[in-house]
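Please work out how this folds:
(2 chains)
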Amino acid sequence: MLPTLNGRIQTRIFMLVVFGGLITLVLTPMLPGDPDYRTTYLILAAVLVLGIVWELVYHVIQQFRWEKDWPTMFGLITALNEGALVWLLLDLELVPGIDYPSDGVPFWAFFIDFTVIWLVVWIWTNGPMRVPFIRWRFFGGRIV
Amino acid sequence: MIDPSAASVVPTTDPSTYLPAQPITGDLTDQMLETDFWTDDLVASAGIPIVDVPFVTVGGGIGSFVTVDYLRIAGVPTSQMRVLSTLDFPWQTYEYLTRVSQVPRPERIRSDSASRPDNIWGFPSYGFAEGVKKFNPKVLWQLFSEPIFADYYTPKAGNVFEQLERESKRINYDEMLVKGLVRIVRRRYGGGYFTILTPPAGASATKRVAFRSQYVHLAVGYPGLKFLPELQRYRTENNDYQHIVNAYEAHEHVYERLVQKPSTVLVRGGGIVASRILQRLMDDREKFGAQTNIVHLFRTYITGTNDGYGNESDPRPGGGRTRVTMRRRGGNGWAYQGFNYPKSVWGGQLKAQVRNLEGEERAELYKRMGGTNTPWRKLWQKQMNQGRREGWYNCVVGTVDAMEPSGDRIVNHVRTAHGVVPIEVDFVIDCTGLEADIAEHRLLKDLLEHGGASRNPVGRLNVDRSFELIGTGSGNGAMYASGATTLGGYFPGVDTFLGLQVAAQEIYLDLNKRGFCKKIGPVRSTVQWWKWLAGSTP
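Down below sits the predicted model:
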């Protein structure tokens, strides 16, 4: 996927709203530690907001690449830094709006939800997305 | 066929097949040739039969193919479109050029996994299909880790052709194909165009047939690939077409001789074709014990990071060195790049950037990201390193001042930084890929003179963002062009598989606005993709 900054942000919002929203809806009742919907969706929102900031960072890195590309692998491994930052903020109880339980947000609940969403979004953007949206890949990943 | 004395190395149609020696009725008149806009009466009075069809595409190569493929998927029936071509099938010229330049069917071409001219969605990509079908984890790992830990995945030429054949059958391409040569497209008084086809001898009662259409699409490919002037001079003056060859003409005899007799070969050029030819020469050493010495002549020797202007410190407009944000890897003479353009020209940042640039600024960016280059591939590096170590692969930097015969051999007087050096070799393989001017193509020349077409900042055909040829509009009709002839426009990668699809998509969108075809929205697109997968007609 070789989108522009605008396209990356649009795609990220689209993916997290559609897939993130649906997966969180289905997974929340099954997650360990029984987090409520309010908590899981607020975490999803935090991933989304921080993700837009991350895109700015990635954009700067891209400028140093001759091809102005973003290898497929990078799209997967950036789960590590992005996930770690969100978890750190959760651990420090810095994500606003969440009623933090006394023993904190359950780690495995976060880990499972985050990982499943990331994998599905990564797979979808690297192929199937091109089926319904034929203009998307030539349009810098922009949806509108 | 190839006329050995001609300057072009791309096979041209034998004129005798298409221009019957005996004058027959229905030919172009002088009045027609001098008139920019033709009336229906003018054509009819010349005795040229008129065929009505809304859309014709001229060329019949991969550019025409992907365009009609898009339109078929957008719901246009075969009866509404005609492909006017001298080719029997769309990949004919491409397969010829790749085969002689040492990419036969089992070898891999230089193209991205998702650049599939047989599949407008690019999904599943060639690599994904190859990895899953034969369950090949190595290919899947390559797709995942390219270009960081592995060379870019590239598809096998044979697979590309087989898939094109499948898609061609699926969209009933042959129903649209009309064989013949097109040298003139003129605007029609009242709107639309006349495209004059010269059918093969005996195929028609008249010498020409006129296709009257609202839309014309041109995808005639490279205007011509030329020999370097000094090579051409040597060939004609010494009547020697055996020892000096272009990589794009059939030259298997060279490799056969090299296996039989230890010889020295001069390879000229620093691009992908030179890489391929070197691989063949080196493969033959390894497989058949050929004792070939290779002298590799670079005009520009890349020593490290570079851009389209050359090495770090080479002169560039505005002075300075390569920009930190615009520099490419290089070394040992070569500039390294995965594909023929930086990857983001097909959809990313560079595509968006060029789309908004005009004139000089656009030409400047083209130049900066251009320059001859080749991919860094493990195998090639290994072979060249071995050659350097063992002393049978040597590089020279310079240009050739003169060439003269010396018995069976050829002496090249090479101008280097240290003066003129004579280099005596048995064969010269030219891999420089010098391209002809568009005006050398008769159809394009006519369009520039009579059709209202103009040149872009790089000198090729000037198209707008929807690939309509600027200045050629005719009433409610429109003329489009895609492929190599439009290089230099608002979209850079035109002469590539993916570039042809980008163009086809813009053309389809424009035709959709004009009401010629349906919109490929998410639903239609998904339904059509399943049809593609199942192999059923769109």
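
Tell me the residues of chain A that contact chain B?
When proximity is defined as CB under 8 Å from any CB of the partner chain, chain A approaches chain B at A:2-5, A:7, A:62-64, A:66-69, A:71-73, A:76, A:127-128, A:130-135, A:137-141. Quick note: C-beta positions are derived from backbone N, CA and C, even for glycine.

who are the neighbours in contact with B:Asn462?
Counting by CB atoms under 8 Å, 6 or more residues apart in numbering or on different chains, B:Asn462 makes contact with B:Ala453, B:Ser454, B:Arg455, B:Asn456, B:Leu469, B:Ile470, B:Gly471, B:Gly489.

Go through stretch B:264-283 and flag the buried ones.
B:264-282 (16 or more other CB atoms under 10 Å in any protein chain shown).

which regions of the chain lie under the pLDDT threshold?
Because you didn't say which chain, this covers chain A. Applying pLDDT under 70 to chain A flags residues A:1.

wait, chain B
Counting by pLDDT under 70, chain B shows low-confidence ranges at B:1-24.

Burial check on residue 75, number of neighbours?
The chain I'm using is chain A. 18 (other CB atoms under 10 Å in any protein chain shown).

actually chain B
When neighbours are counted by other CB under 10 Å, B:Gly75 comes out with 16.

Contacts only, for the residue lying closest to B:Arg108 once chain neighbours are set aside.
In space, and not counting its chain neighbours, B:Arg108 is closest to B:Thr154: 4.3 Å by CB to CB, 6 or more residues apart in numbering or on different chains. Residues in contact with B:Thr154 (CB under 8 Å, 6+ apart) are B:Arg108, B:Ile109, B:Arg110, B:Ser111, B:Asp112, B:Ser113.

May I have the secondary structure class of B:Thr154?
Under DSSP: H, G, I helix; E, B strand; the rest coil, B:Thr154 falls in the coil class.

For B:Val216, see how far away it is.
34 Å (CB to CB, to the nearest Å).

B:Glu424 and B:Val414 touch, don't they?
No - taking CB atoms under 8 Å as the definition, B:Glu424 is not a contact partner of B:Val414, at 10.9 Å.

The two: which has the busier surroundings?
Shown here are B:Glu424 and B:Val414; by other CB under 10 Å, B:Val414 has more neighbours (21 against 13).

helix or strand for the more buried one, which one?
strand B:409-416 (DSSP states H and E).

How far away from the center of its chain is that strand?
30 Å (CA atoms, centre = their mean, to the nearest Å).

Tell me the first helix or strand C-terminal of it.
Following strand B:409-416 in sequence, per DSSP H and E, is strand B:419-425.

longest single helix anywhere in chain A?
Secondary structure of chain A per DSSP state H: the longest helix is helix A:37-63.

Which neighbouring elements make contact with it?
helix A:5-15, helix A:21-27, helix A:72-91, helix A:107-125 (3 or more CB pairs under 8 Å, 6 or more residues apart in numbering or on different chains; DSSP states H and E).

Which strands or helices does the second one pack on?
Pointing back at helix A:21-27 there. In terms of contacts (3+ CB pairs under 8 Å, 6+ apart), helix A:21-27 is packed against helix A:37-63, helix A:107-125.

Dump those to CSV, plus mean neighbour count and distance to A:Pro96.
Below are the helices and strands packed on helix A:21-27 laid out as CSV (neighbours: other CB atoms under 10 Å in any protein chain shown; distance: least, CB to CB, whole Å):
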stretch, mean neighbour count, distance to A:Pro96
helix A:37-63, 16, 8
helix A:107-125, 17, 16
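
quick one, what contacts the closest residue to B:Pro147 other than its chain neighbours?
Nearest non-adjacent residue to B:Pro147, counting by CB to CB, 6+ apart: B:Gly338, 5.7 Å away. Taking CB under 8 Å, 6+ apart, we find B:Gly338 in contact with A:Glu67, B:Asp112, B:Pro147, B:Tyr152, B:Pro375.

out of those, which one sits closest to B:Ser101?
Nearest to B:Ser101, judged by CB to CB, of these is B:Pro375 at 14.7 Å.

Surely that closest one touches B:Tyr336?
Yes - judged on CB under 8 Å, B:Pro375 makes contact with B:Tyr336 at a distance of 6.6 Å.

partners of B:Glu468 in the sheet?
B:Tyr480 (DSSP bridges).

Tell me how far it lies from chain A.
Separation of B:Glu468 from chain A (CB to the nearest CB, to the nearest Å): 17 Å.

Do I have it right that that residue meets B:Asp510?
Yes - between B:Glu468 and B:Asp510 there is a contact under CB under 8 Å: 6.5 Å.

list residues touching both of those two?
Common neighbours of B:Glu468 and B:Asp510, using CB under 8 Å, 6+ apart, are B:Ala478, B:Tyr480.

which stretches of the stretch 1-150 of chain B form strands?
B:37-38, B:50-52, B:55-58, B:81-85 (DSSP state E, counting those that start in this stretch).

Likewise for the stretch 251-400 of chain B?
B:264-268, B:293-298, B:306-307, B:310-311, B:330-331, B:334-335, B:393-397, B:399-406.

Adjacent strands (with direction) for the strand or helix carrying B:Val178?
Assessed by DSSP H and E, B:Val178 sits inside strand B:177-179. Partners of strand B:177-179 in the sheet, by DSSP bridges, are strand B:81-85 (parallel).

residues in contact with the partner strand?
So strand B:81-85 is contacted by B:51, B:53-61, B:64-65, B:68, B:71, B:173, B:176-180, B:182, B:195, B:197, B:211, B:213 (CB under 8 Å, 6+ apart).

Tell me the helix or strand right after the strand holding B:Val178.
Assigned by DSSP H and E, the successor of strand B:177-179 is strand B:181-188.

what inclination does that next one have with respect to strand B:81-85?
Here strand B:181-188 runs at an angle of 130 degrees relative to strand B:81-85 (axes from the mean of the first three to the mean of the last three CA atoms, to 10 degrees).

For strand B:181-188, name the packing helices and strands.
strand B:37-38, strand B:193-198, helix B:442-450.

Compare the ones you listed and give me the one nearest chain A.
Judged by CB to the nearest CB, the one of the helices and strands packed on strand B:181-188 that comes nearest to chain A is helix B:442-450, at 26.0 Å.

Fine by me, thanks again.
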